[in-house]
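Colleague: Give me coordinates for this.
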Amino acid sequence: MNQAQKDTLFAAAAKHLQEKVDSITDRFTKLSVQNIQMAEDLPKLNEDNKIVQHKLLEHGKARQNELEVMIESPYFMHCQVDFGSGEHDNMYFGKFSSVDHNIYSWITPASAIRFEKPGSVSYERPNGDRRTGNLQKKDQYMITEATIRFLSSESEQEGRQLIYQEYFSNQKKGFILPEIVAQMEKAQDEVIRANHRGPLVISGPAGSGKTTLALHRVAYLTQSPDVSDKFPPTSILVFVQDEGTREYFSHLLPELGIKGVKITTFAQWAMRVLELDSKLVYRVGKSQVQKDNIEFAKREALKQIRNFAWHKKPYEALRQVYATAGQEVLDALTDQEQLHQLDRFDITVLLILQKKHEGALTIMQEYYKTQKDGSAVKKMGRFAMKYSLLIFDEFQNYLPEQIALAKSVLDPEHNAVMYVGDMAQQTQIGTIREWSEAREDVKEDRVVALQKVYRNTKAIMRYIEDAGYTVSIPEQMREGVPVQEFVLEEVAAQVSKVQQIIDESTGRIGVLALTEDIANIYKLLLNAGEHVHIMSIHEAQGVEFEAVCLVGVTHELLSNFGSEYSEEMREEKKRTVKDMLYVALTRAMNELYVVGPHALKNTYIDSK
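Modeller: From the prediction side, this is the model:
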């Protein structure tokens, strides 16, 4: 296909898109007016008709929201199929259906044909009948703001060809929903449609699309006629790492037609269950060594918690559990109490004690009690929690006890839980290393390992490989610019170099440090605008930047753990630091700079 033919095809596709958008917009406008009229008429109806009208209004508003999304992006795939009638059947697949426009939802059985090569195809209808046809041509789109950003075409006569591509940023901030639905391979579609019973693990390197894939599975479970009654959105609980990821999910799920899903961090959820308003802190202690030792001591104490009973005062309960953890831990706990602080071990201890005391994890909720005269009075009470589906994003950062606690509120009938993450990205002490620690039996056919990376460049991945990590570098990955190392002894020189990189850049930059202390130095000394984000590597997990400056990496921080660490603690520290570096390096989409006293590939932790 020559360029003139491609231009003709793109022009026809753009014209067709505009016609669909105009028609859907007209439908949206009429439905909006209709919903307003129904809302105005509602108070005038008798009670029986009010119930019916209210249901109709709810349905109308839901459809209005779907059409609003479709105006921006009505479809992502077009399949031209001959089902034996002698005429072409043009089927378009999108996030939502509009049968009048030949647009079908991505969860309908017919959508499976979009993964097939041109030629004979078939799919099973809801009634069990199998429909067979000949797929003659398929076009893949990326459409945002009612504009085609990407278009490829494939037919029986010609292989897949790029028709049009517009430069765009993959930033979560700018692209709330990367079109993973459109880009998914057939194997990934099978993941989404996998049986709903039992644990499912979606694992893969940074940038593989595992999180977005998991959320599309949520969309399937909540919308597929086969299982939607088992997974109402309000019964789904998603655990995320931080507020930024929670905000990202809160935008993505509604775009897939899902509203009401509970998205929270484990700490926020725990605080609500415990009815505490303490401040959660990442780590406690005055130095990195002290922070490490306190965490390790608390981890060991947590293993013995079954011997302790509930205490109404949280810090007294913690003192009981940590009594044998050493004076360093108890002194730090005194400081925590004065500052109203709790860390991840503390909230886990308190949840375990509360569950042991009450027999189940309960939460305070409003309820109405009917009086003798028939009136209802609003009251508050504690009720056991029950969820149909749990999702752990970045599961490798959870303590085994945290996973067990969350699973205690999961409906045992289906035991539907999804673990999304990568065991190679563990950045914290004491987190899960194998499934048996969480008393989870994950079958081999329920582990999905994604290999392709959609985020980074070949240059960045080769650098990561040279630093001692085992990575997969897809052939189709873009090349990118070489990674730059700046070996500078003095901290002032390092800060100056990072400032120069910032001044010469316009994209979103992450300045990532191995520890919070180093990050604080750069926060103090750098002149950084809104496009610059300075943070510890732990804070950067799940975030991505057009450019990353990795700073402050030294031999001492990487591997020179002295006598202040026990042998077991040294091994744990080496493992987590190695994984933290991997996380930092994979945050960069386009450019990576390493600034410090050593070249990283001569400093890396042995990955064997």
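Colleague: which parts of stretch 292-301 are buried?
Modeller: Asp292, Asn293, Ile294, Glu295, Phe296, Ala297, Lys298, Arg299, Ala301 (16 or more other C-beta atoms under 10 Å). Placement of C-beta: from N, CA and C, glycine included.
Colleague: what about the strands in the stretch 201-350 of the chain?
Modeller: Counting by DSSP state E, counting those that start in this stretch, one finds strands in the stretch 201-350 of the chain at the ranges 236-240, 262-265, 279-280, 341-342.
Colleague: Tell me which of these is the most buried.
Modeller: strand 236-240 (a mean of 23; mean count of other C-beta atoms under 10 Å).
Colleague: Alpha carbons only: can I get it in CSV?
Modeller: What follows is strand 236-240, C-alpha atoms only, in CSV (Å, rounded to 0.1, in the frame of the first residue of the first chain):
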residue,chain,number,x,y,z
ILE,A,236,-15.1,-5.0,45.0
LEU,A,237,-12.1,-3.8,47.0
VAL,A,238,-8.9,-2.6,45.3
PHE,A,239,-5.8,-2.0,47.3
VAL,A,240,-3.3,0.5,45.8
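Colleague: From the contact counts, what lies against it?
Modeller: helix 210-223, helix 243-255, strand 262-265, helix 266-274, strand 389-393 (3 or more C-beta pairs under 8 Å, 6 or more residues apart in numbering; DSSP states H and E).
Colleague: helices and strands of this protein: which one bottoms out on pLDDT?
Modeller: Ranking every helix and strand in the chain by mean pLDDT, DSSP states H and E puts helix 180-183 at the bottom, with a mean of 44.
Colleague: returning to that earlier point: which one of the helices and strands packed on strand 236-240 lies nearest to Asn520?
Modeller: When the helices and strands packed on strand 236-240 are ranked by distance to Asn520, counting by C-beta to C-beta, first place goes to helix 243-255 at 19.3 Å.
Colleague: ok, residues contacting stretch 242-257?
Modeller: Applying C-beta atoms under 8 Å, 6 or more residues apart in numbering, the external contacts of stretch 242-257 come out as 65-66, 69, 95-96, 172, 176-177, 212, 215-216, 218-219, 222-223, 238, 240, 259, 261, 263-265, 393, 539, 542-543.
Colleague: buried residues in it?
Modeller: Neighbour-count burial for stretch 242-257 [16+ other C-beta under 10 Å]: Asp242, Gly244, Thr245, Arg246, Tyr248, Phe249, Leu252, Leu253, Pro254, Leu256, Gly257.
Colleague: Kindly provide the whole-number mean pLDDT of that stretch.
Modeller: Throughout stretch 242-257, pLDDT has a mean value of 77.
Colleague: And the contacts of stretch 242-257, which of them are buried?
Modeller: 66, 69, 95-96, 172, 177, 212, 215-216, 218-219, 222-223, 238, 240, 261, 263-265, 393, 539, 542-543.
Colleague: Wait, Arg125 touches Pro109, no?
Modeller: Yes: with contact defined as C-beta atoms under 8 Å, Arg125 counts as touching Pro109 (6.1 Å).
Colleague: which strands and helices sit next to the host helix or strand of Glu572?
Modeller: Using DSSP states H and E, Glu572 falls within helix 567-585. Applying 3+ C-beta pairs under 8 Å, 6+ apart, one finds that helix 567-585 contacts helix 288-302, helix 458-466, helix 537-540, strand 545-551, helix 555-558.
Colleague: Ser85 versus Gly133, what's the distance?
Modeller: Distance from Gly133 to Ser85, counting by C-beta to C-beta, to the nearest Å: 9 Å.
Colleague: just Trp106 next, same as before
Modeller: 25 Å.
Colleague: okay, these two: which has more neighbours?
Modeller: Trp106 (25 against 8; other C-beta atoms under 10 Å).
Colleague: how much space is there between that one and Phe249?
Modeller: 19 Å.
Colleague: Check Gln499 too.
Modeller: In terms of C-beta to C-beta, Gln499 sits 34 Å off from Phe249.
Colleague: doesn't Val238 make contact with Thr265?
Modeller: No: counting by C-beta under 8 Å, Thr265 sits too far from Val238 to count as a contact (10.0 Å).
Colleague: Now do the SS call for Leu512.
Modeller: strand (DSSP: H, G, I helix; E, B strand; the rest coil).
Colleague: Tell me the first helix or strand C-terminal of the longest strand seen in the chain.
Modeller: Longest strand in the chain by number of residues (criterion: DSSP state E): strand 130-144. Downstream of strand 130-144, the next assigned helix or strand under DSSP H and E is strand 147-155.
Colleague: what stretches of the stretch 101-250 of the chain score poorly on pLDDT?
Modeller: 166-188, 207, 225 (pLDDT under 70).
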